[in-house]
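> Attaching a predicted model along with its sequence, questions to come.
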Amino acid sequence: MEPLMKNTLTNVETTPMTNKGRCHVPWSDEIWNRIDRAVHDECKRTRVAAKFLPIVPVNHCQLTVPSDTILVGRQQKLSVREADTVELIELVAEFCLTRQQVECEDDLMTAVTLATRAANLLSQAEDIVLFQGRSAIEPGENQHPIFRERKVTVKSGRAGIGLLDAPPADTPNNPQVVPVPVLDSPNLLQRWGENTFGAVARAYSALQGGERLAQAHYGPYALVLHYEIYADTFAPLPTTLIMPADRVARLVTDGFYSKGMHSCHKGMSAYDGGTQHGEDTHFYGTGTLRPNTGLLLSLGGNTADLVVAIDARTEFVTQDNDGDWLFRVFKRFALRLKDRSAVVRLEFASGRPT
């Protein structure tokens, strides 16, 4: 029986994968440990969704998991279809080394440099999949450049919908979609200012009240904005020193999630580490959202989680015809959105008001 190994990202014990391929590279365990640590640290630093989504580790051989989609049946009884599953998607970022670079890795640390960069791209791609879903991967106008330019590729599995697309489409006056008008700014910059706080407050009220939703959602909440909008929240309001970010952060600040989730839900935990507003605030800016969008997600009641079969890992693949050594950094995971009514999408107007 294989020993259990603790993953320092998910903080849970899992059965380790075999070191397939590593025995073919003339490196010591110290070199591989250095690469693993670099990949671990880069992923932990750059991931966004994994900072607030509960993590559910599963066996590294799994390709699907139960969807756990919550249904409301007759007499308002909650249920889950036991046959429904979600595919795990495996993403890959590759890099190569020359023979000389392999031989001199102990001194040059070229593999550490390239593995770190590959981990950075992989983390971006992971967030793109979690926020935008399959539309960001498949060819089309919504395909993200990181997939179109094949900086990161899909090895197996198929992504589902992303968090941004959780609100149902074509619903008149959808309470899960909040439009945000642009301010009439005297300069040429796009500004949303206090309109952003107003939109977040409306989204917060929609989730708290539960009107026209499957149920009310009492939080804790996570707020994610496109980086342009996120940066705009730090611009002081006219004639004051008050920033919208300070007011917004109070709606997504709590002590339960950061300090209590791991102890209350065994096998589910968030990556540790602080955020821009303190360890109890879940307010993030990222370029992995579609432009002019944001989302407010309630995590209370186990509405969504991140299933991880293989966390970011470096593996030797082969030598090509030119003698270069090919490596890959890869991860297998899935988003389980168990209650789509727990997400409100913010849609920010672009351009200048007429």
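On my side now, so go ahead. Numbers count the residues shown, from 1 in each chain.
> List the buried residues in stretch 69-89.
70, 86, 88-89 (16 or more other C-beta atoms under 10 Å). From N, CA and C alone the C-beta is placed, and that goes for glycine too.
> Please apply the same query to stretch 122-140.
Result for stretch 122-140 [16+ other C-beta under 10 Å]: buried residues 122-137.
> Redo the buried residues of stretch 69-89 as TSV? Include distance to Asp170, secondary structure and pLDDT.
Formatted as TSV, those follow (distance: C-beta to C-beta, whole Å; DSSP: H, G, I helix; E, B strand; the rest coil; pLDDT from 0 to 100):
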residue	distance to Asp170	secondary structure	pLDDT
Ile70	22	coil	87
Val86	24	strand	97
Leu88	30	coil	98
Ile89	27	strand	98
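> that older thread, show me the buried residues of stretch 122-140 that map onto helices.
122-132 (DSSP state H).
> related to what we said a few turns ago, pick the one among the buried residues of stretch 69-89 closest to Gly160.
Checking these against Gly160 by C-beta to C-beta gives Val86 as the nearest, at 6.2 Å.
> wait, what's in contact with the closest one?
64-67, 160, 307, 334-336 (C-beta atoms under 8 Å, 6 or more residues apart in numbering).
> Using PyMOL, make a named selection holding only the buried ones among those.
Buried members of those can be picked out in PyMOL with the line below, counting by 16+ other C-beta under 10 Å:
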select buried, resi 65+67+160+307+334+335+336
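> And the closest residue to Ala349 other than its chain neighbours, how far from Asp320?
Nearest residue to Ala349, sequence neighbours excluded (C-beta to C-beta, 6 or more residues apart in numbering): Val182, at 4.6 Å. Using C-beta to C-beta, to the nearest Å, Val182 is found at 51 Å from Asp320.
> do the same with Leu295
Relative to Asp320, and taking C-beta to C-beta, Leu295 is found at 42 Å.
> For these two, indicate the residue with more neighbours.
Counted by other C-beta atoms under 10 Å, Leu295 and Asp320 do not tie: Leu295 has more neighbours, with 24 against 10.
> Where does the more buried one sit: helix, strand or coil?
When classified by DSSP: H, G, I helix; E, B strand; the rest coil, Leu295 comes out as strand.
> show me where the stretch 251-354 of the chain has helices.
256-264 (DSSP state H, counting those that start in this stretch).
> Ile242 - how many residues pack around it?
13.
> Tell me which residues touch it, please.
By C-beta under 8 Å, 6+ apart, the neighbours of Ile242 are Pro236.
> Ramachandran angles for it?
phi -80, psi 130 (degrees, to the nearest 10).
> Let's verify Asp30: helix, strand, or coil?
Just to correct that, residue 30 is Glu rather than Asp. Applying three-state DSSP: Glu30 is helix.
> any idea how far it lies from Cys23?
From Glu30 to Cys23 the distance is 15 Å (C-beta to C-beta).
> Could you do Ser350 as well?
Relative to Cys23, and taking C-beta to C-beta, Ser350 is found at 53 Å.
> how long is stretch 174-182 from one end to the other?
End-to-end distance of stretch 174-182 (C-alpha to C-alpha, to the nearest Å): 20 Å.
> quick one: buried residues of that stretch?
175-178, 180, 182.
> same check, this time on stretch 24-36
In stretch 24-36, counting by 16+ other C-beta under 10 Å, buried: 25, 27, 31-32, 34-36.
> And stretch 180-194, by the same measure?
Quick answer for stretch 180-194 (16+ other C-beta under 10 Å): 180, 182-183, 190-193.
> same deal with stretch 151-164?
151-154, 157, 159-160, 162-164.
> rewinding a little: please give me every residue in contact with the residue nearest to Ala349.
190-192, 195, 348-353.
> Gln176 touches Ala206, doesn't it?
Yes. In this structure, Gln176 is within contact of Ala206 by C-beta atoms under 8 Å, at 7.0 Å.
> what residue ranges in the stretch 51-200 of the chain score low on pLDDT?
Across the stretch 51-200 of the chain, the ranges flagged by pLDDT under 70 are 73-75, 186-188.
> what are the ranges of the helices in it?
According to DSSP H, counting those that start in this stretch, the helices that the stretch 51-200 of the chain contains are 99-103, 105-108, 110-132, 145-148, 194-209.
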